[in-house]
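In: got a sequence here, can you build the structure:
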Amino acid sequence: MSCDQVTQQYSRRLLQAAIDHGEEIDRDIREMATNWDFGRIGQMEKNILRISIAELRFLPETPAKVIINEALELTKEFAGEESRAFVNAILDRVYKRDKDGVSAEPKVAPPPASDNETH
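Out: Numbers count the residues shown, from 1 in each chain. Below is the predicted model:
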């Protein structure tokens, strides 16, 4: 199988995991982003979180550090530097919860309002 085929296959698996577990993933985001209304999180941030959480939880062959770093690069490029801390905090909490089997107290500051919010 060529590198392109492997990448396409992985991408399909990732997209399918995000679709199949969408409600569960959105629950994770809501749980981790306390004091922040889910509807006010920018659409780009939500989608980066959805894909990244799907990859963290359901495609374990990629190291968590790689997944989180890629999510932060996407956030910087498409949502803005100011949203990186928010995305990082959510992904870090999901990773630690799943790794340790415990949920730490949420301490996630909301991202600043962005132009890609949905109202």
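In: which residues touch residue 38?
Out: Counting by C-beta atoms under 8 Å, 6 or more residues apart in numbering, residue 38 makes contact with 26, 29, 30. (Glycine included, C-beta is placed from N, CA and C.)
In: the helix or strand in which residue 4 is found packs against which elements?
Out: If you go by DSSP states H and E, residue 4 is part of helix 3-20. Helix 3-20 makes packing contacts with helix 43-58 when contacts are defined by 3 or more C-beta pairs under 8 Å, 6 or more residues apart in numbering; DSSP states H and E.
In: so after the helix it packs on, what's the next helix or strand?
Out: By DSSP H and E, the next helix or strand past helix 43-58 is helix 64-78.
In: from the chain's centroid, how far away is that next one?
Out: Distance, stretch centre to chain centre, for helix 64-78: 9 Å (C-alpha atoms, centre = their mean, to the nearest Å).
In: same check on stretch 84-104?
Out: Between the centre of stretch 84-104 and the centre of its chain there are 10 Å (C-alpha atoms, centre = their mean).
In: in it, what's buried?
Out: Neighbour counts using 16 or more other C-beta atoms under 10 Å place 84, 86, 87, 88, 89, 90, 91, 93, 94, 95, 98 of stretch 84-104 among the buried residues.
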